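# okay, sequence plus prediction incoming.
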There are 2 protein chains.
Amino acid sequence: MATILVVDDEPRIVQLVRDYLEHGGFTVLTAADGPAALRTARTGRPDLVVLDLSLPGLDGLDVARSLRREGEVPIIMLTARTEESDKLVGLELGADDYLTKPFSPKELVARVRAVLRRADAASTPSEVIRVGTDVELDVPRMEARFGGRRVDLTKSEFQIVSAMARQPGRVFTRSQLLDAVRGVAFESYERAIDAHIKNIRKKVGQQYIETVFGVGYRFVEPAER
Amino acid sequence: MATILVVDDEPRIVQLVRDYLEHGGFTVLTAADGPAALRTARTGRPDLVVLDLSLPGLDGLDVARSLRREGEVPIIMLTARTEESDKLVGLELGADDYLTKPFSPKELVARVRAVLRRADAASTPSEVIRVGTDVELDVPRMEARFGGRRVDLTKSEFQIVSAMARQPGRVFTRSQLLDAVRGVAFESYERAIDAHIKNIRKKVGQQYIETVFGVGYRFVEPAER
DNA sequence: GGGAGTTGTGAGGGATTTGTGAATGACCTA
DNA sequence: TAGGTCATTCACAAATCCCTCACAACTCCC
(Lines give C-alpha, C1' and ligand atoms only; values in the text may rest on other atoms or scores of the structure.)
Protein backbone atom coordinates (compact mmCIF):
# COMPACT_ATOMS: atom_id res chain seq x y z
CA MET A 1 0.00 0.00 0.00
CA ALA A 2 0.97 3.65 0.04
CA THR A 3 3.90 5.13 1.91
CA ILE A 4 3.39 8.26 3.99
CA LEU A 5 6.13 10.53 5.30
CA VAL A 6 5.23 12.24 8.56
CA VAL A 7 7.27 15.31 9.47
CA ASP A 8 6.88 16.81 12.93
CA ASP A 9 9.24 17.69 15.75
CA GLU A 10 6.96 16.49 18.51
CA PRO A 11 7.66 12.80 19.04
CA ARG A 12 4.33 12.33 20.69
CA ILE A 13 2.44 13.46 17.64
CA VAL A 14 4.62 11.49 15.29
CA GLN A 15 4.00 8.37 17.29
CA LEU A 16 0.27 8.90 17.41
CA VAL A 17 0.00 9.54 13.71
CA ARG A 18 2.26 6.65 12.88
CA ASP A 19 0.10 4.27 14.88
CA TYR A 20 -3.07 5.34 13.20
CA LEU A 21 -1.63 5.30 9.72
CA GLU A 22 0.00 1.92 10.14
CA HIS A 23 -3.19 0.57 11.58
CA GLY A 24 -4.87 1.89 8.46
CA GLY A 25 -2.49 -0.18 6.34
CA PHE A 26 0.00 2.51 5.34
CA THR A 27 3.75 2.29 5.48
CA VAL A 28 5.08 5.19 7.52
CA LEU A 29 8.35 7.09 7.36
CA THR A 30 9.09 9.84 9.82
CA ALA A 31 11.36 12.82 10.17
CA ALA A 32 11.74 15.36 12.94
CA ASP A 33 13.23 18.28 11.06
CA GLY A 34 13.57 19.77 7.60
CA PRO A 35 16.86 18.32 6.36
CA ALA A 36 15.87 14.86 7.56
CA ALA A 37 12.53 15.23 5.82
CA LEU A 38 14.15 16.05 2.49
CA ARG A 39 16.63 13.19 2.80
CA THR A 40 13.93 10.72 3.65
CA ALA A 41 11.69 11.97 0.89
CA ARG A 42 14.46 11.45 -1.64
CA THR A 43 15.29 7.92 -0.55
CA GLY A 44 11.89 6.73 0.59
CA ARG A 45 9.79 8.17 -2.23
CA PRO A 46 6.61 8.58 -0.19
CA ASP A 47 3.24 8.84 -1.91
CA LEU A 48 2.21 11.64 0.41
CA VAL A 49 3.78 13.91 2.99
CA VAL A 50 2.16 15.07 6.20
CA LEU A 51 4.07 18.18 7.13
CA ASP A 52 4.05 20.32 10.24
CA LEU A 53 4.36 23.95 9.31
CA SER A 54 6.35 24.92 12.38
CA LEU A 55 9.59 23.01 12.44
CA PRO A 56 12.84 23.86 14.18
CA GLY A 57 15.65 24.92 11.87
CA LEU A 58 14.63 24.61 8.26
CA ASP A 59 11.09 25.87 8.21
CA GLY A 60 8.12 23.79 7.12
CA LEU A 61 7.54 26.16 4.25
CA ASP A 62 11.03 25.71 2.91
CA VAL A 63 10.59 21.99 3.13
CA ALA A 64 7.35 22.18 1.22
CA ARG A 65 8.93 24.34 -1.42
CA SER A 66 11.82 21.96 -1.84
CA LEU A 67 9.51 18.99 -2.05
CA ARG A 68 7.46 20.73 -4.71
CA ARG A 69 10.53 21.41 -6.72
CA GLU A 70 11.60 17.84 -6.65
CA GLY A 71 8.36 16.23 -7.58
CA GLU A 72 4.63 16.02 -7.54
CA VAL A 73 4.11 14.52 -4.11
CA PRO A 74 0.87 15.61 -2.43
CA ILE A 75 1.26 17.46 0.86
CA ILE A 76 -1.07 17.78 3.81
CA MET A 77 -0.11 20.69 6.05
CA LEU A 78 -0.47 20.73 9.78
CA THR A 79 -0.76 24.25 11.11
CA ALA A 80 -0.62 25.05 14.78
CA ARG A 81 -2.93 27.99 14.59
CA THR A 82 -5.75 28.99 12.34
CA GLU A 83 -3.88 32.14 11.62
CA GLU A 84 -4.57 33.61 8.28
CA SER A 85 -0.92 33.90 7.42
CA ASP A 86 -0.40 30.20 7.87
CA LYS A 87 -3.28 29.31 5.64
CA LEU A 88 -2.07 31.70 3.06
CA VAL A 89 1.42 30.38 2.73
CA GLY A 90 0.07 26.88 2.81
CA LEU A 91 -2.19 27.62 -0.09
CA GLU A 92 0.49 29.46 -1.93
CA LEU A 93 2.60 26.37 -1.85
CA GLY A 94 -0.23 24.37 -3.24
CA ALA A 95 -0.85 22.20 -0.24
CA ASP A 96 -3.45 19.64 -1.15
CA ASP A 97 -5.20 19.93 2.16
CA TYR A 98 -4.54 21.34 5.59
CA LEU A 99 -5.48 20.54 9.17
CA THR A 100 -5.23 22.82 12.15
CA LYS A 101 -3.94 21.49 15.42
CA PRO A 102 -5.27 19.98 17.53
CA PHE A 103 -6.64 17.48 15.06
CA SER A 104 -8.18 14.06 15.36
CA PRO A 105 -5.85 11.33 14.11
CA LYS A 106 -8.82 9.56 12.63
CA GLU A 107 -9.63 12.62 10.62
CA LEU A 108 -6.05 12.86 9.45
CA VAL A 109 -6.19 9.31 8.18
CA ALA A 110 -9.42 10.08 6.38
CA ARG A 111 -7.85 13.10 4.73
CA VAL A 112 -4.82 11.10 3.72
CA ARG A 113 -7.04 8.61 2.01
CA ALA A 114 -9.01 11.36 0.30
CA VAL A 115 -5.94 13.13 -0.99
CA LEU A 116 -4.42 9.92 -2.23
CA ARG A 117 -7.61 9.03 -4.03
CA ARG A 118 -7.62 12.41 -5.66
CA ALA A 119 -3.99 12.29 -6.60
CA ASP A 120 -4.61 8.89 -8.07
CA ALA A 121 -7.62 10.04 -10.01
CA ALA A 122 -5.54 13.04 -10.90
CA SER A 123 -6.05 11.74 -14.34
CA THR A 124 -5.94 15.46 -14.82
CA PRO A 125 -7.62 15.57 -18.19
CA SER A 126 -4.76 17.52 -19.59
CA GLU A 127 -6.12 20.56 -21.28
CA VAL A 128 -4.51 20.61 -24.69
CA ILE A 129 -4.85 23.42 -27.17
CA ARG A 130 -4.45 22.36 -30.75
CA VAL A 131 -4.20 24.64 -33.74
CA GLY A 132 -4.20 22.86 -37.02
CA THR A 133 -2.08 19.76 -37.06
CA ASP A 134 1.27 21.16 -36.15
CA VAL A 135 0.69 23.21 -33.00
CA GLU A 136 -0.01 21.57 -29.67
CA LEU A 137 0.01 23.23 -26.26
CA ASP A 138 -0.35 21.03 -23.21
CA VAL A 139 -1.41 23.61 -20.68
CA PRO A 140 -0.98 21.86 -17.33
CA ARG A 141 2.39 20.51 -18.39
CA MET A 142 3.44 23.74 -20.02
CA GLU A 143 4.64 21.76 -22.99
CA ALA A 144 4.62 23.12 -26.49
CA ARG A 145 5.09 21.41 -29.82
CA PHE A 146 5.40 23.28 -33.08
CA GLY A 147 5.58 21.24 -36.24
CA GLY A 148 6.50 18.08 -34.39
CA ARG A 149 9.38 19.69 -32.59
CA ARG A 150 9.21 20.14 -28.86
CA VAL A 151 9.85 23.77 -27.91
CA ASP A 152 10.83 25.03 -24.48
CA LEU A 153 8.92 28.16 -23.61
CA THR A 154 9.19 30.16 -20.42
CA LYS A 155 6.11 30.68 -18.33
CA SER A 156 5.29 34.10 -19.76
CA GLU A 157 5.95 32.98 -23.28
CA PHE A 158 3.69 29.99 -22.81
CA GLN A 159 0.92 32.11 -21.40
CA ILE A 160 1.08 34.55 -24.26
CA VAL A 161 1.06 31.81 -26.84
CA SER A 162 -1.80 29.91 -25.25
CA ALA A 163 -3.92 33.01 -24.86
CA MET A 164 -3.57 33.71 -28.54
CA ALA A 165 -3.84 30.11 -29.68
CA ARG A 166 -7.16 29.69 -27.88
CA GLN A 167 -8.67 32.01 -30.45
CA PRO A 168 -6.56 31.78 -33.56
CA GLY A 169 -7.01 34.65 -35.95
CA ARG A 170 -8.28 37.04 -33.34
CA VAL A 171 -6.21 40.14 -32.78
CA PHE A 172 -4.97 40.71 -29.24
CA THR A 173 -3.84 44.08 -27.99
CA ARG A 174 -0.70 44.30 -25.91
CA SER A 175 -2.81 45.14 -22.92
CA GLN A 176 -4.85 41.98 -23.33
CA LEU A 177 -1.70 39.93 -23.57
CA LEU A 178 -0.38 41.57 -20.44
CA ASP A 179 -3.56 40.40 -18.73
CA ALA A 180 -2.70 36.89 -19.77
CA VAL A 181 0.76 37.13 -18.25
CA ARG A 182 0.13 38.88 -14.97
CA GLY A 183 -3.24 37.91 -13.54
CA VAL A 184 -4.53 41.41 -14.01
CA ALA A 185 -3.11 44.05 -16.26
CA PHE A 186 -0.61 45.48 -13.87
CA GLU A 187 0.67 48.87 -14.76
CA SER A 188 3.53 47.82 -16.88
CA TYR A 189 5.30 48.77 -20.02
CA GLU A 190 3.29 47.30 -22.86
CA ARG A 191 6.32 46.87 -25.00
CA ALA A 192 7.50 44.11 -22.71
CA ILE A 193 5.11 42.07 -24.83
CA ASP A 194 7.15 42.91 -27.90
CA ALA A 195 10.20 41.44 -26.27
CA HIS A 196 8.33 38.24 -25.49
CA ILE A 197 6.97 37.99 -29.00
CA LYS A 198 10.45 38.39 -30.38
CA ASN A 199 11.73 35.56 -28.20
CA ILE A 200 8.78 33.32 -29.00
CA ARG A 201 9.28 33.84 -32.72
CA LYS A 202 12.91 32.99 -32.41
CA LYS A 203 11.99 29.71 -30.74
CA VAL A 204 8.99 28.54 -32.75
CA GLY A 205 9.52 30.22 -36.09
CA GLN A 206 8.24 33.40 -37.69
CA GLN A 207 5.15 31.97 -39.35
CA TYR A 208 2.91 31.54 -36.33
CA ILE A 209 2.50 35.03 -34.95
CA GLU A 210 1.48 37.92 -37.11
CA THR A 211 1.84 41.59 -36.26
CA VAL A 212 -1.22 43.75 -36.80
CA PHE A 213 0.20 47.19 -37.12
CA GLY A 214 -1.21 49.68 -34.68
CA VAL A 215 -3.28 47.06 -32.88
CA GLY A 216 -1.38 44.05 -31.61
CA TYR A 217 -0.64 40.47 -32.54
CA ARG A 218 -2.51 37.42 -33.64
CA PHE A 219 -1.96 33.71 -33.92
CA VAL A 220 -2.13 32.80 -37.58
CA GLU A 221 -4.80 30.31 -38.53
CA PRO A 222 -3.50 27.11 -40.10
CA ALA A 223 -5.29 27.73 -43.38
CA GLU A 224 -3.18 30.81 -43.95
CA ARG A 225 0.15 29.20 -43.39
CA MET B 1 -12.27 40.06 -10.12
CA ALA B 2 -14.97 37.44 -10.54
CA THR B 3 -17.48 36.36 -7.91
CA ILE B 4 -18.07 32.67 -7.34
CA LEU B 5 -21.00 31.12 -5.50
CA VAL B 6 -20.16 27.86 -3.76
CA VAL B 7 -23.09 25.62 -2.86
CA ASP B 8 -22.46 22.61 -0.66
CA ASP B 9 -23.91 21.33 2.56
CA GLU B 10 -20.60 20.18 4.01
CA PRO B 11 -19.07 23.14 5.84
CA ARG B 12 -15.59 21.69 5.58
CA ILE B 13 -15.69 21.51 1.84
CA VAL B 14 -17.18 24.96 1.58
CA GLN B 15 -14.40 26.30 3.78
CA LEU B 16 -11.65 24.58 1.81
CA VAL B 17 -12.98 25.72 -1.52
CA ARG B 18 -13.56 29.23 -0.24
CA ASP B 19 -9.97 29.49 0.97
CA TYR B 20 -8.53 28.36 -2.31
CA LEU B 21 -10.77 30.53 -4.42
CA GLU B 22 -10.20 33.62 -2.31
CA HIS B 23 -6.51 33.03 -2.43
CA GLY B 24 -6.84 32.85 -6.17
CA GLY B 25 -8.29 36.34 -6.14
CA PHE B 26 -11.97 35.49 -6.41
CA THR B 27 -14.77 36.87 -4.29
CA VAL B 28 -16.69 33.99 -2.75
CA LEU B 29 -20.32 33.67 -1.75
CA THR B 30 -21.57 30.48 -0.13
CA ALA B 31 -24.83 28.68 0.44
CA ALA B 32 -25.58 25.43 2.17
CA ASP B 33 -28.84 24.46 0.52
CA GLY B 34 -30.95 25.03 -2.55
CA PRO B 35 -33.22 27.88 -1.48
CA ALA B 36 -30.28 29.79 -0.01
CA ALA B 37 -28.35 29.23 -3.22
CA LEU B 38 -31.10 30.70 -5.35
CA ARG B 39 -31.51 33.68 -3.02
CA THR B 40 -27.80 34.38 -2.98
CA ALA B 41 -27.52 33.98 -6.72
CA ARG B 42 -30.25 36.56 -7.21
CA THR B 43 -28.75 39.15 -4.93
CA GLY B 44 -25.07 38.43 -5.37
CA ARG B 45 -25.03 37.96 -9.15
CA PRO B 46 -22.08 35.55 -9.18
CA ASP B 47 -20.08 35.03 -12.35
CA LEU B 48 -19.98 31.30 -11.80
CA VAL B 49 -21.61 28.74 -9.51
CA VAL B 50 -19.91 25.70 -8.02
CA LEU B 51 -22.77 23.39 -7.18
CA ASP B 52 -22.91 20.15 -5.25
CA LEU B 53 -25.31 17.78 -6.93
CA SER B 54 -26.48 16.13 -3.73
CA LEU B 55 -28.07 18.72 -1.51
CA PRO B 56 -30.59 18.24 1.24
CA GLY B 57 -34.10 19.38 0.41
CA LEU B 58 -34.19 21.05 -2.95
CA ASP B 59 -31.96 18.89 -5.10
CA GLY B 60 -28.84 20.15 -6.87
CA LEU B 61 -30.43 19.41 -10.19
CA ASP B 62 -33.43 21.55 -9.40
CA VAL B 63 -31.14 24.34 -8.32
CA ALA B 64 -29.22 24.08 -11.55
CA ARG B 65 -32.40 24.14 -13.56
CA SER B 66 -33.64 27.23 -11.72
CA LEU B 67 -30.32 28.98 -12.16
CA ARG B 68 -30.45 28.22 -15.84
CA ARG B 69 -33.91 29.63 -16.13
CA GLU B 70 -32.93 32.86 -14.49
CA GLY B 71 -29.76 33.64 -16.30
CA GLU B 72 -26.69 32.65 -18.16
CA VAL B 73 -24.42 31.86 -15.24
CA PRO B 74 -21.90 29.05 -15.86
CA ILE B 75 -22.10 26.09 -13.49
CA ILE B 76 -19.50 23.62 -12.33
CA MET B 77 -21.06 20.51 -10.83
CA LEU B 78 -19.67 18.51 -7.95
CA THR B 79 -20.86 14.94 -8.01
CA ALA B 80 -20.36 12.50 -5.17
CA ARG B 81 -20.03 9.43 -7.29
CA THR B 82 -18.55 8.73 -10.64
CA GLU B 83 -21.81 7.22 -11.68
CA GLU B 84 -22.59 7.62 -15.28
CA SER B 85 -26.12 8.74 -14.59
CA ASP B 86 -24.90 11.68 -12.55
CA LYS B 87 -22.56 12.84 -15.24
CA LEU B 88 -25.29 12.56 -17.77
CA VAL B 89 -27.89 14.60 -15.99
CA GLY B 90 -25.30 17.16 -15.02
CA LEU B 91 -24.22 17.68 -18.55
CA GLU B 92 -27.77 17.49 -19.76
CA LEU B 93 -28.54 20.49 -17.65
CA GLY B 94 -25.77 22.30 -19.35
CA ALA B 95 -23.23 22.18 -16.59
CA ASP B 96 -20.11 23.73 -18.01
CA ASP B 97 -17.84 21.29 -16.26
CA TYR B 98 -18.04 18.75 -13.47
CA LEU B 99 -15.77 17.27 -10.86
CA THR B 100 -16.26 14.08 -8.91
CA LYS B 101 -15.64 14.04 -5.18
CA PRO B 102 -13.19 13.83 -3.71
CA PHE B 103 -11.59 16.50 -5.78
CA SER B 104 -8.45 18.54 -5.42
CA PRO B 105 -9.19 22.17 -4.59
CA LYS B 106 -6.32 23.18 -6.80
CA GLU B 107 -7.92 21.47 -9.71
CA LEU B 108 -11.24 23.08 -8.94
CA VAL B 109 -9.65 26.51 -9.07
CA ALA B 110 -8.06 25.62 -12.38
CA ARG B 111 -11.42 24.51 -13.78
CA VAL B 112 -13.09 27.67 -12.51
CA ARG B 113 -10.55 29.73 -14.36
CA ALA B 114 -10.95 27.68 -17.50
CA VAL B 115 -14.74 27.93 -17.51
CA LEU B 116 -14.65 31.66 -16.85
CA ARG B 117 -12.22 32.11 -19.68
CA ARG B 118 -14.48 30.21 -22.01
CA ALA B 119 -17.59 32.06 -20.87
CA ASP B 120 -15.81 35.34 -21.33
CA ALA B 121 -14.68 34.48 -24.81
CA ALA B 122 -18.18 33.33 -25.68
CA SER B 123 -19.85 36.46 -24.39
CA THR B 124 -17.73 38.55 -26.70
CA PRO B 125 -19.91 37.79 -29.65
CA SER B 126 -17.52 38.11 -32.47
CA GLU B 127 -19.20 41.00 -34.15
CA VAL B 128 -19.41 40.26 -37.81
CA ILE B 129 -20.71 42.72 -40.35
CA ARG B 130 -22.13 41.09 -43.45
CA VAL B 131 -23.20 42.79 -46.61
CA GLY B 132 -24.82 40.54 -49.12
CA THR B 133 -23.12 37.20 -49.49
CA ASP B 134 -19.66 38.26 -50.47
CA VAL B 135 -18.62 40.86 -47.89
CA GLU B 136 -17.73 39.91 -44.35
CA LEU B 137 -16.03 42.07 -41.74
CA ASP B 138 -15.06 40.37 -38.51
CA VAL B 139 -14.48 43.31 -36.22
CA PRO B 140 -12.59 41.83 -33.26
CA ARG B 141 -10.35 39.90 -35.61
CA MET B 142 -9.94 42.86 -37.89
CA GLU B 143 -10.46 40.46 -40.73
CA ALA B 144 -12.08 41.38 -44.02
CA ARG B 145 -13.38 39.08 -46.71
CA PHE B 146 -14.49 40.31 -50.10
CA GLY B 147 -15.86 37.75 -52.48
CA GLY B 148 -14.38 34.87 -50.51
CA ARG B 149 -10.86 36.29 -50.58
CA ARG B 150 -9.27 37.45 -47.39
CA VAL B 151 -8.05 41.04 -47.66
CA ASP B 152 -5.54 42.71 -45.39
CA LEU B 153 -6.66 46.18 -44.43
CA THR B 154 -4.83 48.61 -42.21
CA LYS B 155 -6.48 49.88 -39.07
CA SER B 156 -7.76 53.08 -40.66
CA GLU B 157 -8.93 51.31 -43.76
CA PHE B 158 -10.78 48.75 -41.72
CA GLN B 159 -12.47 51.42 -39.67
CA ILE B 160 -13.61 53.31 -42.72
CA VAL B 161 -14.96 50.22 -44.40
CA SER B 162 -16.79 48.97 -41.33
CA ALA B 163 -18.34 52.35 -40.65
CA MET B 164 -19.76 52.38 -44.15
CA ALA B 165 -20.66 48.71 -44.31
CA ARG B 166 -22.72 48.97 -41.14
CA GLN B 167 -25.19 51.04 -43.14
CA PRO B 168 -24.88 50.05 -46.75
CA GLY B 169 -26.30 52.56 -49.16
CA ARG B 170 -26.05 55.47 -46.78
CA VAL B 171 -23.82 58.32 -47.84
CA PHE B 172 -20.99 59.29 -45.51
CA THR B 173 -19.29 62.66 -45.66
CA ARG B 174 -15.53 62.82 -45.39
CA SER B 175 -15.90 64.43 -42.01
CA GLN B 176 -17.98 61.51 -40.74
CA LEU B 177 -15.44 59.05 -42.00
CA LEU B 178 -12.69 60.99 -40.31
CA ASP B 179 -14.65 60.55 -37.08
CA ALA B 180 -14.55 56.83 -37.65
CA VAL B 181 -10.78 56.88 -38.02
CA ARG B 182 -9.67 59.18 -35.27
CA GLY B 183 -11.89 58.89 -32.22
CA VAL B 184 -13.20 62.39 -32.71
CA ALA B 185 -12.95 64.40 -35.86
CA PHE B 186 -9.55 65.89 -35.41
CA GLU B 187 -8.87 68.94 -37.45
CA SER B 188 -7.40 67.27 -40.41
CA TYR B 189 -7.33 67.45 -44.11
CA GLU B 190 -10.52 65.79 -45.28
CA ARG B 191 -8.94 64.64 -48.45
CA ALA B 192 -6.90 62.17 -46.48
CA ILE B 193 -10.05 60.09 -46.75
CA ASP B 194 -9.74 60.14 -50.51
CA ALA B 195 -6.36 58.55 -50.20
CA HIS B 196 -7.72 55.81 -47.97
CA ILE B 197 -10.61 55.14 -50.31
CA LYS B 198 -8.19 54.83 -53.16
CA ASN B 199 -6.13 52.31 -51.28
CA ILE B 200 -9.17 50.34 -50.15
CA ARG B 201 -10.48 50.15 -53.69
CA LYS B 202 -7.17 48.91 -54.88
CA LYS B 203 -7.28 46.11 -52.33
CA VAL B 204 -10.91 45.01 -52.48
CA GLY B 205 -11.97 46.03 -55.98
CA GLN B 206 -13.74 49.05 -57.43
CA GLN B 207 -17.32 47.82 -57.16
CA TYR B 208 -17.89 48.16 -53.44
CA ILE B 209 -17.47 51.85 -52.76
CA GLU B 210 -19.28 54.48 -54.75
CA THR B 211 -18.45 58.16 -54.92
CA VAL B 212 -21.33 60.58 -54.38
CA PHE B 213 -20.20 63.71 -56.09
CA GLY B 214 -20.09 66.76 -53.85
CA VAL B 215 -21.05 64.77 -50.74
CA GLY B 216 -18.92 61.77 -49.94
CA TYR B 217 -18.88 58.00 -50.32
CA ARG B 218 -21.14 55.07 -49.73
CA PHE B 219 -20.95 51.33 -49.54
CA VAL B 220 -22.90 49.88 -52.45
CA GLU B 221 -25.81 47.62 -51.54
CA PRO B 222 -25.55 44.12 -52.94
CA ALA B 223 -28.67 44.52 -55.06
CA GLU B 224 -26.98 47.25 -57.04
CA ARG B 225 -23.88 45.29 -57.87
C1' DG C 1 -18.10 72.84 -75.25
C1' DG C 2 -16.21 75.55 -71.45
C1' DG C 3 -15.30 76.58 -66.81
C1' DA C 4 -15.53 75.89 -61.92
C1' DG C 5 -15.46 72.74 -58.63
C1' DT C 6 -14.68 67.95 -57.18
C1' DT C 7 -12.38 63.59 -57.18
C1' DG C 8 -8.53 60.13 -58.56
C1' DT C 9 -3.94 59.11 -58.03
C1' DG C 10 1.18 58.57 -57.57
C1' DA C 11 4.90 59.92 -54.85
C1' DG C 12 7.43 61.33 -50.80
C1' DG C 13 8.02 63.35 -46.08
C1' DG C 14 7.44 62.58 -41.55
C1' DA C 15 5.33 60.54 -37.60
C1' DT C 16 4.22 56.47 -35.42
C1' DT C 17 4.87 51.74 -34.51
C1' DT C 18 7.54 47.63 -34.29
C1' DG C 19 11.98 44.71 -34.25
C1' DT C 20 15.92 43.85 -31.80
C1' DG C 21 20.24 43.62 -29.15
C1' DA C 22 21.94 44.88 -24.87
C1' DA C 23 21.63 46.35 -20.06
C1' DT C 24 19.41 45.85 -15.68
C1' DG C 25 17.63 43.69 -11.76
C1' DA C 26 14.93 40.04 -9.40
C1' DC C 27 14.97 35.49 -8.14
C1' DC C 28 16.59 30.88 -7.77
C1' DT C 29 20.40 27.32 -7.57
C1' DA C 30 24.63 25.25 -6.72
C1' DT D 1 28.72 34.16 -3.18
C1' DA D 2 28.87 33.29 -8.08
C1' DG D 3 26.27 31.93 -11.98
C1' DG D 4 22.00 31.15 -14.45
C1' DT D 5 17.39 32.12 -16.03
C1' DC D 6 13.93 35.22 -16.90
C1' DA D 7 11.09 39.50 -17.17
C1' DT D 8 11.51 44.07 -18.07
C1' DT D 9 13.33 48.29 -19.84
C1' DC D 10 16.00 51.12 -22.90
C1' DA D 11 17.82 52.89 -27.18
C1' DC D 12 18.24 52.79 -31.78
C1' DA D 13 17.24 50.82 -36.37
C1' DA D 14 13.75 49.34 -39.50
C1' DA D 15 9.21 48.98 -41.13
C1' DT D 16 4.75 50.71 -41.82
C1' DC D 17 1.33 53.85 -42.39
C1' DC D 18 -0.99 58.34 -42.66
C1' DC D 19 -1.13 62.59 -44.58
C1' DT D 20 -0.15 66.03 -47.84
C1' DC D 21 0.78 67.81 -52.22
C1' DA D 22 0.48 68.37 -57.11
C1' DC D 23 -1.62 67.51 -61.09
C1' DA D 24 -4.66 64.82 -64.02
C1' DA D 25 -9.32 63.31 -64.73
C1' DC D 26 -13.84 63.79 -64.03
C1' DT D 27 -18.67 65.85 -63.03
C1' DC D 28 -21.93 69.21 -63.18
C1' DC D 29 -24.10 73.28 -64.80
C1' DC D 30 -24.37 76.89 -67.99
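In hand now; what should we look at?

# neighbouring contacts of the helix or strand containing A:Ala144?
A:Ala144 is part of strand A:143-146 when elements are defined by DSSP states H and E. Contacts made with strand A:143-146 from outside it, assessed by C-beta atoms under 8 Å, 6 or more residues apart in numbering or on different chains, are listed as A:134-138, A:150-153, A:158, A:161, A:204-205, A:208. All C-beta spots, glycine's among them, are computed from the backbone N, C-alpha and C.

# of those residues, buried ones?
A:Val135, A:Glu136, A:Leu137, A:Asp138, A:Val151, A:Leu153, A:Phe158, A:Val161, A:Val204, A:Tyr208 (16 or more other C-beta atoms under 10 Å in any protein chain shown).

# out of those residues, who's nearest A:Asp194?
Compare each of those with A:Asp194 using C-beta to C-beta and the shortest gap goes to A:Val161, at 14.7 Å.

# measure the closest one to DNA strand C for me?
Applying C-beta to the nearest atom of the strand, to the nearest Å, one obtains 15 Å for the distance of A:Val161 from DNA strand C.

# returning to that earlier point: export the contacts of strand A:143-146 to CSV and tack on pLDDT, distance to A:Ser104 and secondary structure?
Converted to CSV, the contacts of strand A:143-146 look like this (pLDDT from 0 to 100; distance: C-beta to C-beta, whole Å; DSSP: H, G, I helix; E, B strand; the rest coil):
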residue, pLDDT, distance to A:Ser104, secondary structure
A:Asp134, 90, 54, coil
A:Val135, 92, 51, strand
A:Glu136, 89, 47, strand
A:Leu137, 90, 44, strand
A:Asp138, 84, 40, strand
A:Arg150, 91, 48, strand
A:Val151, 93, 49, strand
A:Asp152, 93, 46, coil
A:Leu153, 94, 46, coil
A:Phe158, 94, 42, helix
A:Val161, 96, 47, helix
A:Val204, 95, 53, helix
A:Gly205, 93, 57, coil
A:Tyr208, 96, 55, coil
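
# what's the farthest-apart pair in the buried ones among the contacts of strand A:143-146?
The two members of those with the most space between them (C-beta to C-beta) are A:Asp138 and A:Tyr208, at 16.7 Å.

# circling back: so which of the contacts of strand A:143-146 reach chain B?
Checked against chain B using C-beta under 8 Å from any C-beta of the partner chain, the contacts of strand A:143-146 yield no neighbours at all.

# who's the residue lying closest to A:Leu153 once chain neighbours are set aside bridged to?
Spatial nearest neighbour of A:Leu153, excluding adjacent residues (C-beta to C-beta, 6 or more residues apart in numbering or on different chains): A:Ala144 at 5.2 Å. Taking DSSP bridges as the rule, A:Ala144 bridges to A:Leu137, A:Val151.

# A:Ala144 - how many residues pack around it?
By other C-beta atoms under 10 Å in any protein chain shown, the residues close to A:Ala144 number 24.

# how far away is it from A:Asp194?
Shown here: A:Ala144 relative to A:Asp194, a distance of 20 Å by C-beta to C-beta, to the nearest Å.

# and what of A:Glu72?
Relative to A:Asp194, A:Glu72 is positioned 35 Å away (C-beta to C-beta).

# go on, A:Lys202?
Taking C-beta to C-beta as the measure, A:Lys202 and A:Asp194 are separated by 13 Å.

# out of the two, which sits in the more crowded spot?
The residue with more neighbours, out of A:Lys202 and A:Asp194 and counting by other C-beta under 10 Å, is A:Asp194; that gives 13 against 9.

# what pLDDT does A:Met142 get?
Confidence at A:Met142, expressed as pLDDT, is 85.

# surely it and A:Leu153 touch.
Yes - counting by C-beta atoms under 8 Å, A:Leu153 is a contact partner of A:Met142 at 7.4 Å.

# A:Ala163 belongs to a helix, doesn't it?
Yes - inclusion of A:Ala163 in a helix is indicated when DSSP: H, G, I helix; E, B strand; the rest coil is applied.

# quick one, what contacts it?
A:Ala163 makes contacts with A:Phe172, A:Gln176, A:Leu177, A:Ala180, as judged by C-beta under 8 Å, 6+ apart.
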